[in-house]
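> here is a sequence with its predicted model. Questions after.
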Amino acid sequence: MEPIAVLAGTPVDTRMGVDVLSAAGLSGASFPISPDPREQTAFQISSPAEKRRTTLDILDRAQAQGCRKAFVYCNSLSASVDFDALARETGMQIVTPLHVYRDLAPRYRSLAFIAANAQGLAGIERVLLDANPALDTLSAGALPVVLAIEAGLPPDELVERHHLAELCDWFADCGMEALVLGCTHFPYFKEALARRTSLPLIDPAAEMLELLRAP
């Protein structure tokens with residue numbers, strides 16, 4: 001089976017992306033960008049030239065290992081690197097969460113979204129509003145939640161400690177129709193949060209797989 005390159009911010013979410021592919025019967029090869037979330041945030045605010053050079057080098061290594069497709073399992077990374085341009089340059093099919101959000105936006109009048117950092121929030125907001133300028137949005141950055149996931153804090157304890165149910169209550173009270181889990185770490189606590197909120201939770205992974213399977 002031809003491997004699919006999995007690019008993500010850290011080894012943890014890269015492994016999560018490989019697991020998503022494995023559960024769908026696909027083979028993934030890991031290519032983390034950074035060793036931890038703080039260094040990934042630093043990478044995302046580095047110069048466009050540095051980000052392009054680093055990411056292109058990884059894609060070149062992936063192609064050398066037989067990968068013709070890439071699965072970018074990281075929202076903030078997707079927002080900080082022009083993967084559409086890199087797909088044209090390398091000839092690879094590259095799927096990111098932002099491709100899903102572009103299709104998602106016209107289905108709603110209002111959406112809340114949370115991400116690891118402001119880089120991710122800005123990228124998600126840009127794609128959503130480009131696709132639906134009339135969309136109302138609310139958002140929050142939550143790097144401490146990502147750090148807690150990487151540290152292995154149990155999902156139920158994480159949701160309680162970081163007041164995620166209360167955040168969902170605020171989003172719902174403000175008229176948001178659904179919450180986009182705009183960081184690929186966040187499905188880690190999806191079930192625990194879903195038990196504490198009636199707000200629909202949107203995970204882009206399933207639709208990313210559909211795009212990946214497209215010829």
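Received, thanks. Numbering: from 1, shown residues only.
> so who does the residue nearest the centre of the chain touch?
Residue closest to the average C-alpha location in the chain (Cα atoms, centre = their mean): Asn75, at 2.9 Å. With contact set as Cβ atoms under 8 Å, 6 or more residues apart in numbering, Asn75 has these partners: Pro97, Leu98, Ala115, Ala116, Gly120, Gly123, Ile124, Gly182, Cys183, Thr184. Using the backbone N, CA and C atoms, a C-beta is placed for each residue, glycine as well.
> how far away is the third one from Tyr188?
Taking Cβ to Cβ, to the nearest Å as the measure, Ala115 and Tyr188 are separated by 14 Å.
> please enumerate the helices of the protein.
Secondary structure of the chain (DSSP state H): helices at 11-23, 37-44, 48-64, 75-80, 83-90, 97-104, 118-131, 143-150, 155-161, 164-173, 190-194, 205-213.
> nearest to Phe31, of these?
Comparing the helices of the chain against Phe31 with Cβ to Cβ, the closest turns out to be helix 48-64 (5.0 Å).
> now what about that closest one, what contacts it?
5, 7, 29, 31, 33, 43-44, 70, 80-83, 86, 89-90, 92.
> next: stretch 114-124.
9, 37, 41, 44-45, 75-76, 78-80, 97-98, 101, 113, 139-143, 145-146, 167, 179-183, 185-186.
> hmm, back to that, which one's more surrounded, Ala115 and Tyr188?
Taking neighbours as other Cβ atoms under 10 Å, Ala115 and Tyr188 compare with Ala115 leading, 30 against 24.
> quick one: the closest residue to the more buried one other than its chain neighbours from Leu98, how far?
Of all residues not flanking Ala115 in the chain, Gly182 sits nearest, at 4.0 Å (Cβ to Cβ, 6 or more residues apart in numbering). Separation of Gly182 from Leu98 (Cβ to Cβ): 10 Å.
> neighbour count: the two, which is higher?
In this comparison of Gly182 against Leu98, neighbours counted by other Cβ under 10 Å, the higher total goes to Gly182 at 32 against 23.
> give me the pLDDT for the more buried one.
Per-residue pLDDT puts Gly182 at 94.
> quick one, phi/psi of it?
Per-residue torsions, Gly182: phi -90, psi 30 (degrees, to the nearest 10).
> tell me the spacing between it and Arg213.
Distance from Gly182 to Arg213, by Cβ to Cβ: 23 Å.
> please apply the same query to Asp136.
From Asp136 to Arg213 the distance is 33 Å (Cβ to Cβ).
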